[in-house]
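**Student:** One predicted model, sequence on top.
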Amino acid sequence: MPIRVTAEPPLKDLFTPGAAAARGGRPVAGMFLSSGDPTAAEICAGAGLDYLLIDGEHAPLSLESIQAQLRAIAGTGTLALVRVPALDEVVIKQVLDLGAQNVLVPMVHTAEDAEAAVRAMHYPPRGVRGVGSALARSGRWNRTAGYLAAAGEQVTLLVQVESVEAVAHAADIAAVDGVDGVFIGPSDLSATMGLLGQQGHPDVVAAVKQVIADVKAAGKVVGVNAFVEAQAREYVAAGADFVNVGADVALLARGSEALADTWCPAPGEPDAGPRGSY
């Protein structure tokens, strides 16, 4: 007899009252996986974060590399969230068939965009997702009992608010049935505000906090990307339910720079010398 497979809990389960109480009330925290490397994914999956965000929008990822990372993360207790490159029902279908249960759709500017994202996540009659689970990892090749009937409850849809237009429509976006939460992208938001690269500008921060308030008022969870700890904590204090606090490539870049600063000083700088063993 084939092994019967049980689906992992969806990301939305992290925000139930019971899950929040089990965490002691702290916010959900995760990080980007942008290297595309399954070994990096496996290392980060063992670190103790709540989720890992596989970035199919800005990282050089193929469907195969996304699937490899999903496999590396599976069973670790850390949940995987996949950001697709665009609001594209074909790409969303493919990512779901790879076994992703949690999807983040970028550049959602209106309620109509959000409704299109919901349709892409669900089988007919609710949506337009193509049916191919017998051929795919999503239903474990028909080893997940009742997959087709339960698939809609086993997925989480987050949509990304990251433009001036989206900020104006945040409440309507959050109110769309099937949208489980909103993720705020201050980088693109700052660019659309004419403040490119100024994620910490007071006007950008104010816009982020307005979205947090609007989404919370709509009864949905809201998160934000914030690599600077003080900024992340400010957004948590404003009501953010989850924060994306780093990236594998950023950790590698800053860590390697620190080593170079210590061991390869520029000419004229003092030689650091040995710093002990490990």
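**Tutor:** Cool, got the structure. Numbering: from 1, shown residues only.
**Student:** C-alpha only now, for contacts and for neighbours.
**Tutor:** Will do.
**Student:** Name whatever forms a beta bridge with the most centrally placed residue in the chain.
**Tutor:** Most central in the chain under Cα atoms, centre = their mean is Leu53, positioned 4.0 Å from the mean C-alpha point. Per DSSP bridges, residues listed as beta-bridge partners of Leu53: Phe32, Leu81.
**Student:** May I have the phi/psi pair for Leu252?
**Tutor:** phi -70, psi -40 (degrees, to the nearest 10).
**Student:** gap between it and Pro60?
**Tutor:** 17 Å (Cα to Cα, to the nearest Å).
**Student:** before we move on, what about Val228?
**Tutor:** Taking Cα to Cα, one finds Val228 at 24 Å from Pro60.
**Student:** next one: Gln210
**Tutor:** Gln210 is 33 Å from Pro60, by Cα to Cα.
**Student:** Settle it for me: which of the two has more neighbours?
**Tutor:** Gln210 (17 against 11; other Cα atoms under 10 Å).
**Student:** could you say which helix or strand contains the more buried one?
**Tutor:** Using DSSP states H and E, Gln210 maps to helix 202-217.
**Student:** Also Gly77?
**Tutor:** Using DSSP H and E, Gly77 falls outside every helix and strand.
**Student:** What of Arg254?
**Tutor:** helix 248-263.
**Student:** same thing with Glu115?
**Tutor:** Short version, using DSSP H and E: Glu115 is in helix 111-121.
**Student:** In that helix, which residues are buried?
**Tutor:** Ala111, Asp113, Ala114, Glu115, Ala116, Ala117, Val118, Arg119, Ala120, Met121 (16 or more other Cα atoms under 10 Å).
**Student:** thinking again about what came up before, what comes up buried for the helix holding Arg254?
**Tutor:** Buried, per 16+ other Cα under 10 Å, within helix 248-263: Asp248.
**Student:** again, but for stretch 87-100
**Tutor:** Neighbour-count burial for stretch 87-100 [16+ other Cα under 10 Å]: Leu87, Glu89, Ile92, Lys93, Gln94, Val95, Leu96, Asp97, Leu98, Gly99, Ala100.
**Student:** now do stretch 75-84
**Tutor:** Under 16+ other Cα under 10 Å, the buried positions of stretch 75-84 are Thr78, Leu79, Ala80, Leu81, Val82, Arg83, Val84.
**Student:** Next, the contact list for the third one, please.
**Tutor:** So that's Ala80. Ala80 is in contact with Leu11, Tyr51, Leu52, Leu53, Ile54, Leu70, Ile73, Ala74, Ala100, Gln101, Asn102, counting by Cα atoms under 8 Å, 6 or more residues apart in numbering.
**Student:** how close does it sit to Gly25?
**Tutor:** Ala80 is 21 Å from Gly25, by Cα to Cα.
**Student:** Remind me which helix or strand Leu148 belongs to.
**Tutor:** Using DSSP H and E, Leu148 falls in helix 147-150.
**Student:** Could you point out the helix or strand that follows that helix?
**Tutor:** strand 156-161.
**Student:** Figure out how far that next one is from the centre of its chain.
**Tutor:** 8 Å (Cα atoms, centre = their mean, to the nearest Å).
**Student:** can you check stretch 79-91 too?
**Tutor:** 10 Å.
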